[in-house]
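A.B. asks: Coordinates for the following, if possible.
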Amino acid sequence: MNDLSLPHVSDVAIIGAGPYGLSLAAHLAATPLTFRIFGKPMQSWQDHMPRGMKLKSEGFASSLYDPASSYPLSRYCHENNLPYADVGSPVPLETFVAYGQEFQRRLVSQLEPTDITSLGRSVNGFTLTTASGETLEARTVVLAVGIAHFPYIPPSLADIPPQYISHTFDHSDLSAFNGRKVAVLGAGASAIDTAALLADAGADVTILTRRPRIAFHTQGSEPRPLLERLKYPRSGLGVGWKSWLCSNFPLLFHSLPLKLRIRAVERHLGPAPGWFVREKVEGRIPIHFNTTLQTVTTENNQLQLAFTGGTLPVDHIIAGTGFRPSISRLKFLEPSLLSAIKTVEDAPILSRSFESSVPNLYFIGLASAFDFGPLTRFACGAEFTAKHLTRHLAR
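C.D. replies: Residues are numbered from 1 along each chain as shown. Just a heads-up that it's a prediction; the model follows:
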């Protein structure tokens, strides 16, 4: 079992306490390795997702993971008399956050709810400084920082004054937009969820997207006929053989040429909101398809948007333009350490064991997607990651 005496030099330090960090910690707790884990449990989900949203992933693919699979989401919902189905019943954000926090209390009680403000190399491996001022060392560091550092706003929007533009990640409470005109950019889950909830909050919302349509998911159901299951196998990433292969063979994905991996991550599982949001958007919120912003000007404390096919005055833009791993945005990395990490498109290049070019420095979650595929962009990828990395570290 893990040593709870908080050693000055630990075998492993985990930075991040979302699904990946917590799942890895639950696995390491079953090994002789000493470890410490830092972060506020489920912080990105609790503080940066709009209240009232529902998860796009199915119930069976929305758990956190311990070695015995003893505490899945289904058990939490059963214990708390909450509705649950493996397939076809979307999981409310509030349920997922509360479940993750309970998982932490039961299985990762040693979590230290503080941030790491500095990470650099030392004689023993790495030196970490916490927000509370403690300095400690670890032989191995695993960065499980999730999406918190990686909201992406296209360079074409960089010149818009910051008071007029934000990212979906910046908002959990949308009530401040009541009565305001808001343009939401994008056609993915974060953009469409935010637009629907903005309308619920009394905002005057318009959606602008470059795409010709919004590719809403289809509601899943079980059981399915055998032929359908053979033609379209179900996995944590959805139905279809591509998703099934990405879910079940991430190490095979790692063996593919780098350019092919990058293209697969960028193209497979593109922007697609959940089926349950369709009725809150279609016929309710104006949508401009095949649209590219051409100019954005300010006039009388408003933005004037000129785009393909028209113009639109708004008070604010919310960019639902997704997340891209970019380790140069990890400001807690000391410059000498950051410069030693080999990258492609500013994402770390990782070994089959999630190790970067800096020995004993590992990246998991979204930052590992170019190496292990779309699986590690989603919470369900925490199972493979925790098992595989724990086996490697335990050696």
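
A.B. asks: Let me see the confidence value for the closest residue to D115 other than its chain neighbours.
C.D. replies: If the residues on either side of it in the chain are set aside, D115 comes closest to A131, at 4.5 Å by C-beta to C-beta, 6 or more residues apart in numbering. All C-beta atoms are positioned from the backbone trio N, CA, C, and that covers glycine. With respect to pLDDT, A131 scores 96.

A.B. asks: Just name whatever secondary elements the helix or strand bottoming out on mean pLDDT in the chain is in contact with.
C.D. replies: Every helix and strand of the chain was ranked by mean pLDDT, DSSP states H and E. The lowest is strand 293-299, at a mean of 91. Contacts defined by 3 or more C-beta pairs under 8 Å, 6 or more residues apart in numbering; DSSP states H and E place strand 293-299 against strand 302-307.

A.B. asks: What residue in this structure is the furthest from its centre?
C.D. replies: Relative to the mean C-alpha coordinate of the chain, counting by C-alpha atoms, centre = their mean, the farthest residue is N300 (37.0 Å).

A.B. asks: isn't K181 right up against I318?
C.D. replies: No - K181 is beyond contact range of I318, at 11.6 Å (criterion: C-beta atoms under 8 Å).

A.B. asks: quick one, which of these two is more surrounded?
C.D. replies: Set K181 next to I318 and count neighbours by other C-beta atoms under 10 Å: I318 wins out with 28 against 16.

A.B. asks: what's around the nearest residue to the more buried one once chain neighbours are set aside, how many residues?
C.D. replies: Using C-beta to C-beta, 6+ apart and skipping the chain neighbours, the partner closest in space to I318 is V184 (5.0 Å). Neighbours of V184 under the rule other C-beta under 10 Å: 29.

A.B. asks: looking at the sheet around V184, what are its partners?
C.D. replies: Beta-bridge partners for V184, by DSSP bridges, are I207, I318.

A.B. asks: mind listing what it touches?
C.D. replies: In this structure, V184 makes contact with 191-192, 194-195, 198, 205-208, 317-318, 320, judged by C-beta atoms under 8 Å, 6 or more residues apart in numbering.

A.B. asks: at 10 Å what do you get?
C.D. replies: 168, 190-196, 198-199, 203, 205-209, 285, 287, 314, 316-320 (C-beta atoms under 10 Å, 6 or more residues apart in numbering).

A.B. asks: what do you get for D47?
C.D. replies: Counted by C-beta under 10 Å, 6+ apart, D47 has contacts 40, 97, 148, 169, 171-173.

A.B. asks: at 8 Å instead, please
C.D. replies: S172.

A.B. asks: Over to M53: give its phi and psi.
C.D. replies: Main-chain torsions, M53, degrees, to the nearest 10: phi -70, psi 160.

A.B. asks: from what I can see it touches D193, true?
C.D. replies: Yes - taking contacts as C-beta under 8 Å, M53 lies within contact range of D193: 4.7 Å.

A.B. asks: More neighbours: these two, which one.
C.D. replies: Set M53 next to D193 and count neighbours by other C-beta under 10 Å: D193 wins out with 27 against 23.

A.B. asks: How is that one assigned, secondary-structure-wise?
C.D. replies: In three-state terms, and counting by DSSP: H, G, I helix; E, B strand; the rest coil, D193 is helix.

A.B. asks: show me what contacts it?
C.D. replies: Contacts of D193 by C-beta under 8 Å, 6+ apart are 50, 53-54, 168, 273-274, 277.

A.B. asks: Who wins on neighbours among the residues you listed?
C.D. replies: Neighbour-wise, these (other C-beta under 10 Å) top out at T168, 28 neighbours.

A.B. asks: Ramachandran angles for that residue?
C.D. replies: Here is the backbone geometry of T168 (degrees, to the nearest 10): phi -50, psi -30.

A.B. asks: Quick check, it in contact with M53.
C.D. replies: No - when contacts are counted by C-beta under 8 Å, T168 is not listed as touching M53 (9.9 Å).

A.B. asks: can you tell me how far the nearest residue to A26 once chain neighbours are set aside sits from G21?
C.D. replies: Take A26 and drop its neighbours on the chain: the residue closest to it by C-beta to C-beta, 6+ apart is D66, 3.9 Å away. As for D66, its distance to G21 is 13 Å (criterion: C-beta to C-beta, to the nearest Å).

A.B. asks: Same drill for the two, tell me which one is more crowded.
C.D. replies: G21 (29 against 22).

A.B. asks: mind listing what that one touches?
C.D. replies: The contact partners of G21, by C-beta under 8 Å, 6+ apart, come to 14-15, 37, 39, 142, 144, 146, 364.

A.B. asks: if you set the cut-off to 7 Å instead, what comes out?
C.D. replies: Contacts for G21 were tallied using C-beta atoms under 7 Å, 6 or more residues apart in numbering; they are 14, 37, 39, 144.

A.B. asks: One more: L198?
C.D. replies: 174, 177, 182, 205.

A.B. asks: Highest neighbour count among these?
C.D. replies: Counting by other C-beta under 10 Å, top hit in the contacts of L198: V205 with 27 neighbours.

A.B. asks: Look at the spatially most central residue of the chain and report its pLDDT.
C.D. replies: Geometric centre of the chain, nearest residue: I147, 4.6 Å, by C-alpha atoms, centre = their mean. If you check I147, the pLDDT there is 95.

A.B. asks: Name the helix or strand for it, please.
C.D. replies: For I147, there is no enclosing helix or strand under DSSP states H and E.

A.B. asks: Pretty sure it sits against A369.
C.D. replies: No - here I147 lies out of contact with A369, judged by C-beta atoms under 7 Å, at a distance of 10.9 Å.

A.B. asks: Which elements pack onto the helix or strand hosting S118?
C.D. replies: Using DSSP H and E, S118 maps to strand 116-122. Here strand 116-122 touches strand 125-130, helix 335-339, going by 3 or more C-beta pairs under 7 Å, 6 or more residues apart in numbering; DSSP states H and E.
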